[in-house]
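**Student:** model this:
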Amino acid sequence: MFTEAIEKILADLCTPALVRTVENGDGATTLWRALEDGGFLELLTPEDADGAGLTLAALFPIFLAFGRYALPVPAAQSIAARALMRDCPQALPAGMLTLAGTAHLDAADGLCAPRVAYGLLADFAVVNLSGELLLLDCRQARREPSGVHGSQCATLYWSAEHVGASLGNNGEQVRVFNAAIHAAAMAGAMERALDMTLEYCNDRVQFGKAIGKFQAVQHQLSVMAEQVAASRIAAERAFAAEHSVPELIPAAIAKARTSMAVPQVTATAHALFGAIGVTEELDLQLFTRRLHEWRVSEGSEAYWNGIVGRALLAQPGVTASEFTRHLTPSA
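**Tutor:** Okay, here's the model as predicted:
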C-alpha cells in the first residue's frame with residue numbers, strides 16, 4: 001500500500017525535469033512537502049507513536065523506488081533518522097534530515113563530516129562521531145560542495161560551539177544504515193538504467209534491424225542484467241533484519257556488491273547508447289552520475305569487502321557460500 005502510494009507521488013512529481021531543477025538549486029520544497037505531508041517520513045515510527053510501524057523488509061521496495069526515480073531529497077535518510085533516534089529524549093526537528101556515517105574532530109574547524117549525502121540541502125544531520133550519536137544543525141555548518149556537476153553532496157564543518165552533546169552510543173548504526181540505504185538506491189537506479197538501455201536497444205535500428213537483435217549487444221545486456229539482479233538480491237538481504245536498523249554484515253555485503261556492479265553497469269549502458277550517452281539532455285546521466293557518487297558514499301566496495309572478509313575469516317571451516325546463506329547477527 002505504502003509503496004504504491006509513494007510510487008504515484010514519485011511518478012507525478014519526481015520527473016527528470018524536477019530532478020534537474022533541484023540540481024540547479026530550486027524545486028525541492030514541493031516534492032519534500034508531498035512526502036512529509038503524506039506521513040511517509042514516519043514509515044519506521046511505531047504505530048503507538050503515530051507512525052506506520054513498517055518492518056525493514058516492507059521498507060526496502062520504497063527505498064528501491066527512491067533510487068529508481070533518482071529522488072533528489074534525503075527522504076530515506078530522514079526515515080532512517082527516526083529509527084536511529086528512537087531512544088533519544090530529544091524530539092526530531094522539522095525539516096530535511098540526512099545521515100553522516102563518519103565524522104572526526106579537527107583542531108582548526110571543530111567537527112568535520114566528509115562527503116555527506118544531500119549535505120547542500122539538509123537542515124539537520126544525524127552524525128556518527130566515533131560511535132557517539134549527534135544531531136547537528138546543518139544551517140550552522142560551513143558547506144563545501146563536492147564540485148561534481150549536479151551533486152548535492154557536501155563536506156560539512158561545524159565550529160566547536162555548534163557541536164552539541166552526545167544523544168546515544170549507537171553512532172555506528174548511522175554508518176551501517178546509510179550504507180544499506182545507498183545499496184538500495186544503487187539497486188533501484190541500476191534497474192532504471194537497465195530498463196532505459198533495453199528500450200533504446202529495441203528502438204535503435206542499424207543495418208535494417210534493432211541493435212538489440214545483434215548477438216554482441218545481447219551478450220552485453222545479459223551481463224548487465226546479471227549485475228542488476230545480483231545487486232537487488234544483495235540489497236534486499238540488508239533489509240531482512242527483524243530490528244528497525246540493518247545489521248552490519250548483511251549491510252556490508254549489500255554495499256560491497258552493489259558498488260562493485262556500478263562500473264560495469266554504467267559503462268555498458270553508456271556504450272550501448274553510443275554518442276548520445278554522454279549528453280546532458282539524456283536522462284541516463286541523472287542515474288549514472290548518482291550511481292558513481294553512491295558507490296563511494298560511506299566507503300567503496302574495498303572498505304566493505306574488508307569488513308565481510310574479516311567476518312568470514314573469523315569463522316574457520318565455514319565456506320563463503322555457507323557464510324552468505326547463514327548470516328549470523330553482527331556484533
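**Student:** ok, the closest residue to residue 166 other than its chain neighbours to residue 97 distance?
**Tutor:** Spatially, and ignoring its direct neighbours in sequence, residue 166 is nearest to residue 132 (4.1 Å; Cβ to Cβ, 6 or more residues apart in numbering). C-beta coordinates here come from the backbone N, C-alpha and C atoms, glycine included. Between residue 132 and residue 97 the computed distance is 17 Å (Cβ to Cβ, to the nearest Å).
**Student:** Any idea what the residue nearest to residue 166 is bridged to?
**Tutor:** Residue 132 has these beta-bridge partners by DSSP bridges: residue 129.
**Student:** what does the one 5 residues further on give?
**Tutor:** With DSSP bridges applied, residue 137 shows beta-bridge pairing to residue 124.
**Student:** ok, it - how many residues close by?
**Tutor:** When neighbours are counted by other Cβ atoms under 10 Å, residue 137 registers 15.
**Student:** Would you mind confirming that it makes contact with residue 161?
**Tutor:** No: look at residue 137 against residue 161 with Cβ atoms under 8 Å: they stay out of range, at 11.6 Å.
**Student:** tell me, what's touching those two both at once?
**Tutor:** Shared contacts of residue 137 and residue 161 (Cβ atoms under 8 Å, 6 or more residues apart in numbering): none.
**Student:** follow-up on the earlier one: so residue 132 and residue 97 - more neighbours on which side?
**Tutor:** Between residue 132 and residue 97, counted using other Cβ under 10 Å, residue 97 has the larger neighbour count: 26 against 16.
**Student:** model confidence over stretch 241-260, on average?
**Tutor:** Averaged across stretch 241-260, the pLDDT comes to 93.
**Student:** What is the neighbour count of residue 39?
**Tutor:** Burial of residue 39 is recorded as 14 neighbouring residues (other Cβ under 10 Å).
**Student:** any idea how far residue 160 is from it?
**Tutor:** For residue 39, the distance to residue 160 - Cβ to Cβ - is 37 Å.
**Student:** Please give the element, helix or strand, for residue 192.
**Tutor:** helix 172-203 (DSSP states H and E).
**Student:** residues of that helix that come out buried?
**Tutor:** By 16 or more other Cβ atoms under 10 Å, the buried positions in helix 172-203 come out as 172-194, 196-198, 200-201.
**Student:** where does the residue of the chain most remote from its centre land on pLDDT?
**Tutor:** What lies farthest from the middle of the chain is residue 208; by Cα atoms, centre = their mean that is 41.0 Å. Looking at residue 208, its pLDDT is 87.
**Student:** Between the two ends of stretch 157-174, how far is it?
**Tutor:** 18 Å (Cα to Cα, to the nearest Å).
**Student:** I'm done for today, thanks for sticking with me.
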